[in-house]
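[1] Take this sequence and fold it.
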Amino acid sequence: MPIRAVLWDVDDTIFDYSGADRTGMRRLLEHEGLPAAYASADEALEAWRALASVHWARVAAGETDFAGHRRDRVRDFLSLALEDAEADDWFARHAAHYEAAWALFDDVVPVLDRLAGGYRHGILSNSTILHQHRKLTALGVRDRFESLVCAVELGVSKPDAAAFHAACEALALEPREVAYVGDEPDIDAAGAVAAGLTGIWLDRRGRGGRSDLVRITGLDELPALLARDTRFGAPETFG
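    Purely as a prediction, here's the structure:
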């Protein structure tokens, strides 16, 4: 059965989350100063990024909610026991700089244009619908995706097969009819494969080292890969 739709991850796949997050934090530190725990802005930026993974894992495990994980990320980053309102205010100041730096990767719109006639498109994200809808709308591409499924509302996160299956159900397609494109080899590509989809790892940073996965290094490679439609039985050919 041919692939009929592409499901997409958002952050660091079509949206340059890492770039915007670093730019936003750097601008905030320029305004508010470097927290005492860090010797340099680069050290602070790495800590801020690492804490995102730590606290998102708590959301995925059901230990906190979306707002709570943001607050705790701020508290850990600043090493301060802030009240909720104080943490919210600090995160809002960061968010203003972060959102000013929002951008799609340059290859996104050209590839969506090339694929528009042959494939349906949807989103599966480990975030919230409100957050990703707002982001995709601001970036001018929300109307390119007919479905938007997010982990917070769904109650289950990638790489759980139930998340991928819910996104396929939103398109009324079987998993074998759907390809999933994401920047994380295990959460995205391997998780999709385990759920019965065709998983494609978008390795923008050229990390490599995963011969078990179908890998592309830019979205310009995706249309030709999908056109072959052989379930990509030899992943090393594309890595």
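[2] and stretch 221-239, what's its mean pLDDT?
    Averaged over stretch 221-239, pLDDT sits at 66.
[3] which residues sit in contact with Glu184?
    Contacts for Glu184 (C-beta atoms under 8 Å, 6 or more residues apart in numbering) come out as Asp9, Trp201. From N, CA and C alone the C-beta is placed, and that goes for glycine too.
[4] Quick check on it: phi, psi?
    The phi/psi pair for Glu184 (degrees, to the nearest 10) reads phi -100, psi 120.
[5] how far away is it from Trp102?
    Separation of Glu184 from Trp102 (C-beta to C-beta, to the nearest Å) stands at 20 Å.
[6] Equivalent analysis for Ala179, please.
    26 Å.
[7] neighbour-wise, which of these two wins?
    Just comparing Ala179 and Trp102: by other C-beta atoms under 10 Å the higher neighbour count belongs to Ala179, 23 against 16.
[8] got any ranges where this structure has weak pLDDT?
    Within the chain, the ranges that satisfy pLDDT under 70 run 1, 229-239.
[9] Assign the residue nearest to Leu78 when sequence neighbours are not counted to helix, strand or coil.
    Spatial nearest neighbour of Leu78, chain neighbours left out: Pro35 (5.4 Å); criterion: C-beta to C-beta, 6 or more residues apart in numbering. Put simply, Pro35 is coil when judged by DSSP: H, G, I helix; E, B strand; the rest coil.
[10] Pro35: how many residues sit nearby?
    15.
[11] Might you report the residue contacts of it?
    Pro35 touches Ala44, Phe77, Leu78, Ser79, counting by C-beta under 8 Å, 6+ apart.
[12] Okay, it and Thr23: tell me how far apart.
    From Pro35 to Thr23 the distance is 18 Å (C-beta to C-beta).
[13] now do Asp188
    From Asp188 over to Thr23 the distance is 24 Å, taken as C-beta to C-beta.
[14] Just want to know which of these two has more residues nearby.
    The residue with more neighbours, out of Asp188 and Thr23, is Asp188; 28 against 18, by other C-beta under 10 Å.
[15] Not counting sequence-adjacent ones, nearest residue to the more buried one?
    Counting by C-beta to C-beta, 6+ apart, Asp188 lies nearest to Gly182, which is 2.6 Å off, once chain neighbours are set aside.
[16] Got phi/psi on the one you found?
    phi -160, psi 160.
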